[in-house]
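Enquirer: Structure of the sequence below:
(4 chains)
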Protein chains: 2
Amino acid sequence: MLHDPAQLDRMFQALADPARRQMVDRLSRGPASVSQLAEPLAMSLSAVVQHLNLLEASGLVRTQKLGRVRTCQIEPTALRAAEHWINERRLAWERRLDRLGDFLAETKDET
Amino acid sequence: MLHDPAQLDRMFQALADPARRQMVDRLSRGPASVSQLAEPLAMSLSAVVQHLNLLEASGLVRTQKLGRVRTCQIEPTALRAAEHWINERRLAWERRLDRLGDFLAETKDET
DNA sequence: GCAATAGTTAAGTGAATGCTTGAGTATTGG
DNA sequence: CCAATACTCAAGCATTCACTTAACTATTGC
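Expert: Okay, here's the model as predicted:
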């Protein structure tokens, strides 16, 4: 389920918004309630809840409600999936460059 | 300029679209012309050019025109910036978990 | 019990996005 | 020279997005 392309899509989509990235950033320093997440953001609590729902649907954040407080946490495995996608592409490119370098060095030797 | 928040924003924004990610994926396997990028995509060439312009503005892709052919390449340093942002947050969370584990182990010893 | 707290839900709005079509501009092979 | 190629640019359009406000529900502390 980590490599579900639709899930990857929701994840990158979720990370595309600066407010949501700020929320992820805040959560990387420890769990927080919805109000705590909202506090530094210049928008209504309702807007924050909507962002949070998206983050949860994307798998980046997990939440649980105790009483009237919803506590939010980062889901590191989801972050790792996004990280991995980018890393794979970058490495593929860099490996290609290396092979090209090797090839050029070789053909230069053959003078 | 790699840590310009506006640039990071454009980058995550660029990666949020599946067509654009498919283009990055294709480019990770080597340079390509606009038409080559368009070939597997179910949309007009014009649409592809619009995606490409966004990718270029985000710094993820560099292009150069020779004659009538625009050749596109990945810019790995930009990919690295996105990767780095995610990685930092994930590591911050995981380090926090480790410290928490240590604390729990310590307090358990003190019985 | 009742007011304050913490969050939820729904409806609406304006701006941004992802396309399309159509008309144009260089370049290039024959 | 001229037709095919390889884009490029500008409008227009439907959908999605990021909000807002307003009304509502569920806890908690006194």
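
Enquirer: buried stuff in the helix or strand hosting A:His84?
Expert: Assigned by DSSP states H and E, A:His84 belongs to helix A:76-109. Across helix A:76-109, burial judged by 16 or more other CB atoms under 10 Å in any protein chain shown covers A:76, A:78-83, A:85-87, A:89-90, A:92-93. From N, CA and C alone the C-beta is placed, and that goes for glycine too.

Enquirer: interface residues of chain A facing chain B?
Expert: Within chain A, the positions lying close to chain B (CB under 8 Å from any CB of the partner chain) are A:5, A:9, A:12-13, A:15-16, A:18, A:21, A:24-25, A:27-30, A:74, A:76, A:79-80, A:82-83, A:85-90, A:92-94, A:96.

Enquirer: now for the helix or strand of chain A with the lowest mean pLDDT, which elements pack on it?
Expert: Evaluated with mean pLDDT, DSSP states H and E, the helix-and-strand set of chain A has its lowest mean pLDDT in helix A:76-109, which scores a mean of 86. Using 3 or more CB pairs under 8 Å, 6 or more residues apart in numbering or on different chains; DSSP states H and E as the contact test, the elements touching helix A:76-109 are helix A:5-15, helix B:18-28, strand B:69-74, helix B:76-109.

Enquirer: Find the nearest non-adjacent residue to the spatially most central residue of chain A, please.
Expert: Nearest to the mean C-alpha position of chain A, by CA atoms, centre = their mean, lies A:Leu79 at 4.4 Å. Using CB to CB, 6 or more residues apart in numbering or on different chains and skipping the chain neighbours, the partner closest in space to A:Leu79 is B:Arg90 (4.3 Å).
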